[in-house]
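Q: Structural data only, the sequence is not supplied:
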């Protein structure tokens with residue numbers, strides 16, 4: 001596993017990154033760097049944009065409230081894009097924040113809210129989801145942000161499912177089979193993981209999903225998990241059985 005610098009503050013920026021570039025920090029970033037962390041001129045930060053890898057930059061204060069970042073050199077190249085989709089029924093705000101952060105840490109490339117028959121929350125704040133994804137990426141050394149899709153009905157998503165991508169359906173009604181054994185044959189295939197709402201999937205939805213040739217249903221153990229807990233459990237199982245954990249990847253950081 002490649003060792004990363006987790007002591008230096010990391011910031012996401014939208015600007016292109018290259019040696020010699022000068023980037024204006026936004027007001028919130030400048031306040032955090034200058035007034036919360038109390039960094040001075042020449043202080044170091046790491047910046048990334050999801051495209052150009054990670055770069056070392058130095059702080060150049062502009063007055064008391066603003067600062068620029070002088071980009072010096074690249075510290076990590078941009079890794080190849082991940083390819084694990086995460087489909088989920090929207091949750092209430094605090095639990096959704098947690099779930100988005102953990103999904104980013106677990107290496108998802110797409111976050112796709114789906115509306116099921118028992119979904120209790122139908123509206124999703126996309127900007128808030130993106131802010132949580134950025135925060136998780138900054139804290140955990142992730143260099144790529146997931147695509148965040150707008151909510152769509154589950155049946156509509158399944159009706160236009162892309163050819164060649166397998167869907168791992170996490171269903172509390174499934175039992176008797178080892179999920180690792182079911183998942184290992186899927187190694188190397190584009191994958192997606194589906195977690196339902198607090199009330200679970202309806203029987204109609206279960207029947208519809210299990211009838212599809214690209215769906216594999218797995219259980220997440222003998223206990224009923226909350227949806228945000230199920231997200232971490234499911235993504236961990238998939239990554240361990242047939243994802244980048246099985247290839248020796250993954251980073252562990254205490255922040």
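A: Perfect, I can see it now. All values reported here derive from a predicted model rather than from experimental measurement.

Q: contacts, neighbours, all on C-alpha from now
A: Fine.

Q: what sits against the residue nearest to residue 199 when sequence neighbours are not counted?
A: Using Cα to Cα, 6 or more residues apart in numbering and skipping residues adjacent in sequence, the residue nearest residue 199 is residue 118, 5.8 Å away. Listed by Cα atoms under 8 Å, 6 or more residues apart in numbering, the contact set of residue 118 reads 197, 198, 199, 200, 201, 202.

Q: again, only using 10 Å
A: Applying Cα atoms under 10 Å, 6 or more residues apart in numbering, we find residue 118 in contact with 89, 196, 197, 198, 199, 200, 201, 202.

Q: Residue 171 and residue 194 touch, don't they?
A: Yes - using Cα atoms under 10 Å, residue 171 is in contact with residue 194, at 8.9 Å.

Q: quick one: which of those two has more around it?
A: Using other Cα atoms under 10 Å, the more surrounded residue of residue 171 and residue 194 is residue 194, with 23 against 19.

Q: That one and residue 118: what is the separation?
A: Here the distance between residue 194 and residue 118 works out to 14 Å (Cα to Cα, to the nearest Å).

Q: what is in contact with residue 171 and residue 194 at once?
A: Shared contacts of residue 171 and residue 194 (Cα under 10 Å, 6+ apart): residue 217.

Q: Tell me which helix or strand the residue nearest to residue 199 sits in.
A: Counting by DSSP states H and E, there is no helix or strand that carries residue 118.

Q: residues contacting residue 54?
A: 10-12, 17-18, 46-48, 73-78, 141-143.

Q: If we use 8 Å, what do you get?
A: With contacts defined as Cα under 8 Å, 6+ apart, residue 54 is in contact with 46, 47, 48, 74, 75, 76, 77, 78, 143.
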